[in-house]
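**Q** here is a sequence with its predicted model. Questions after.
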Amino acid sequence: MIRFALLGAGRIGQMHAANIAGHERCNLSWIYDVHTPSSEALCTKTGAKVARDPGEIFDDAQVDAVFVASSTPTHADFIVRSVESGKAVLCEKPIDLDIAKVEECSKKISGAKTLIQIGFNRRFDPGHGQVVEAVRNGEIGDLEQVIISSRDPEPPPKAYYLAAGGMLRDMTIHDFDLARFALGEEVTQVSAFTSNLFDKVAQEIGEIDSAMILMKTASGKLCHINNSRHATYGYDQRLEAHGSLGMLRSENRQPTNVERFNANGSHWRDACEFFFIERYRQAYLQQLEVFMDTLEQGKASSVSFEDGRRALILANAAYRSVETGQAVTVNYENPLEEL
Ligand SMILES: NC(=O)c1ccc[n+]([C@@H]2O[C@H](COP(=O)([O-])OP(=O)(O)OC[C@H]3O[C@@H](n4cnc5c(N)ncnc54)[C@H](O)[C@@H]3O)[C@@H](O)[C@H]2O)c1
């Protein structure tokens, strides 16, 4: 039985708490949130203890693993404290918005054997995962192109935009990771265009609501990511891989698979699952399952700190491309030189 503590009892923390508390392989012993009413409410639901300070969790020898689901600026420090106290850590994306902070964190944890898994849940979506597995098994021959579509159902409120730190580092970061995962090799060049096409709130604060990114690997494989902060038909999440022997596609999910036909049209279904909690329900559970397997079997992390670091480096390269109007060569070794 793996004993978890949860940091952060917000939107995603509440879902992770339910997944941990409801799983037969683990239990949830502590919850800490700076906003105590949030942790108290979640502890009442899950039976966990309220931590008044994160130190209570890091000092508790009974805790095996820490799930970091608190606000982004807290992640790097909580990763370091988990590693220092010898607790495995499953940390939500992104590690941080600032690559300098990620590099500092990387130095502090360098050489540690503690398991760190970053919450890039899309890798664990059954559809997306199967596309990548089929690519690796050679089902479409030589992989040539990867296309990732990721559109939110509706724009977030102003407060979210202001805290999120920019679409490419907050939202597209999932797609940069999925691109690396699907391509199976490193991206070497990034070219990006961003736009504000429809959201007045984003426009008011100088934020974007749409993006298209093209990337190339050293061997010449190509990847296209497209993002929007809205889609009238729900949360649009698709992955396509094209190769010498065919094409693979992981499609959107609808609440039911009922197909409708009438005088105005044929063959349409429910709108897509509304947002990430519904669309990636299985992926979040599978991510937890894999984390526990990895911990129990002492294996290497399937989504490492370095994966989190590299996704942020790609986001920074995309911002640089937007600023300069040029394709950017990605510098994984010394990303601070690019700032
Ligand atoms: N993987 C995904 O699909 C996914 C989806 C949504 C959010 N996220 C990530 O999860 C994190 C949380 O997002 P959210 O939407 O739940 O945000 P949220 O604002 O709803 O919740 C964040 C919680 O963290 C708490 N918090 C802030 N500082 C803290 C600290 N020092 N210690 C403990 N708790 C603290 C806040 O009080 C709040 O309850 C973000 O990093 C976000 O990028 C990932």
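**A** The structure has been received and is ready for your questions.
**Q** so who does the residue most central in space within the chain touch?
**A** To find the centre residue of the chain, average its C-alpha atoms and take the closest one (CA atoms, centre = their mean): that gives F120, at 3.3 Å. Neighbouring residues of F120 by CB atoms under 8 Å, 6 or more residues apart in numbering: K93, H174, D177, L178, F181, V303, D307, G308, A311. For glycine as for every other residue, the C-beta is placed from the backbone atoms N, C-alpha and C.
**Q** next SSE downstream of the helix or strand hosting the second one?
**A** In the assignment (DSSP states H and E), H174 maps to helix 172-183. Counting by DSSP H and E, the element after helix 172-183 in chain order, helix or strand, is strand 187-195.
**Q** ok, the residue in the stretch 151-300 of the chain that the ligand sits nearest to - how many residues close by?
**A** Closest to the ligand within the stretch 151-300 of the chain is F276: 4.7 Å, counting by CB to the nearest ligand atom. Other residues near F276 number 20, with proximity taken as other CB atoms under 10 Å.
**Q** residues in contact with the residue nearest to it when sequence neighbours are not counted?
**A** Of all residues beyond its chain neighbours, the one nearest F276 is Y235 (6.7 Å), with distances taken as CB to CB, 6 or more residues apart in numbering. With contact set as CB under 8 Å, 6+ apart, Y235 has these partners: R151, D152, P153, N252, C272, E273, F274, F275, F276, E278, R279.
**Q** go on, H75?
**A** Taking CB under 8 Å, 6+ apart as the definition of contact, the neighbours of H75 are V68, C91, E92, P94, I95, D96.
**Q** what about 6 Å?
**A** Residues touching H75, when contacts are defined by CB atoms under 6 Å, 6 or more residues apart in numbering, comprise V68, C91, I95, D96.
**Q** and the second one, how close does it get to the ligand?
**A** The spacing between C91 and the ligand, counted by CB to the nearest ligand atom, to the nearest Å, is 9 Å.
**Q** now do the first one
**A** Taking CB to the nearest ligand atom as the criterion, V68 is separated from the ligand by 8 Å.
**Q** show the pLDDT at the closest residue to that residue other than its chain neighbours.
**A** Counting by CB to CB, 6+ apart, V68 lies nearest to C91, which is 4.1 Å off, once chain neighbours are set aside. Note on C91: pLDDT of 98.
**Q** for C91, give me its contacts.
**A** By CB under 6 Å, 6+ apart, the contact list for C91 reads V68, H75, I79, I118.
**Q** kindly state the beta-bridge partners for it.
**A** For C91, the beta-bridge partners are V68, I118 (DSSP bridges).
**Q** who in the protein is up against the ligand?
**A** 7-13, 32-35, 38, 69-72, 74, 92-93, 119, 121, 276 (CB under 6 Å from any ligand atom).
**Q** switch to 5 Å and redo it
**A** Proximity of the chain to the ligand is confined to 7-8, 10-12, 33-35, 38, 70-72, 74, 92, 119, 121, 276 under the rule CB under 5 Å from any ligand atom.
**Q** buried ones among these?
**A** For the residues of the chain next to the ligand, burial is judged from neighbour counts taken by 16 or more other CB atoms under 10 Å, and it is met by L7, G8, I12, D33, S38, S70, T72, T74, E92, G119, N121, F276.
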